[in-house]
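Asker: I need the structure of the sequence given here:
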Amino acid sequence: MMVTYLTNAFSPSMLRMPASVEFRQISEKEFCEEVEKGNHINAIGHQSTIDLVNSLCGSNLKMSRIMVQADVSDNICIVVLSVRLEEGKILSREEIQHLYEEGKVRFIRAVVYGAVLRELARCEGVCDQMTYDMLASRAKRG
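Answerer: Here you go, the predicted model:
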């Protein structure tokens, strides 16, 4: 079953291995639609980020510092800062709002795929049709 996580960061330690991940920038609207659906696991662990998301999406999320263990077919919707903060810096609500207004906050969707996709990519144009179809079928199942 697919799970959607909301996070304020991404790390390979969030994945059950082996896996491949595809990253795609999404709009604020798309991010807020995920929040509005309500069928997500909130793992946003910074209060100022939660405040920003609640302000943008009209939601009432609470800070949640949980460990993410994403599996094949899961989605991770990430609030990303496009600046590097000084070590140990914790942003205030005003500071993250200012970064957002400057266009320095982005929204990313990470989709987790099984390792079979790497096999499928290597097989394209090289393998016989039966092998390719078998790998494609496995990829669809995760």
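Asker: check contacts around Asn60.
Answerer: Shown in contact with Asn60 (CB atoms under 8 Å, 6 or more residues apart in numbering): Asn54. Every C-beta, even on glycine, is put in place using the N, C-alpha and C of the backbone.
Asker: Which parts of the protein are helices?
Answerer: Ranges of helices in the chain, per DSSP state H, are 28-37, 47-57, 93-101, 116-123, 129-141.
Asker: Least confident secondary structure element in this protein?
Answerer: Sorting the helices and strands of the chain by mean pLDDT, DSSP states H and E puts helix 116-123 at the bottom, at a mean of 70.
Asker: and the helices of the chain as CSV, adding distance to Pro18 and mean neighbour count?
Answerer: Below are these laid out as CSV (distance: least, CB to CB, whole Å; neighbours: other CB atoms under 10 Å):
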stretch, distance to Pro18, mean neighbour count
helix 28-37, 26, 15
helix 47-57, 30, 19
helix 93-101, 34, 15
helix 116-123, 8, 16
helix 129-141, 13, 13
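Asker: Distance to Met2 for those - can I get that in a markdown table?
Answerer: Listed next are the helices of the chain as a markdown table, based on distance: least, CB to CB, whole Å:
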| stretch | distance to Met2 |
| --- | --- |
| helix 28-37 | 12 |
| helix 47-57 | 21 |
| helix 93-101 | 28 |
| helix 116-123 | 16 |
| helix 129-141 | 13 |
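Asker: shouldn't Ser20 be in contact with Val111?
Answerer: No - counting by CB atoms under 8 Å, Ser20 does not reach Val111; the two are 9.2 Å apart.
Asker: how much space is there between Glu36 and Ile44?
Answerer: Plainly put, Glu36 is 15 Å away from Ile44 if you go by CB to CB, to the nearest Å.
Asker: How about Asp133?
Answerer: Counting by CB to CB, the gap from Asp133 to Ile44 is 41 Å.
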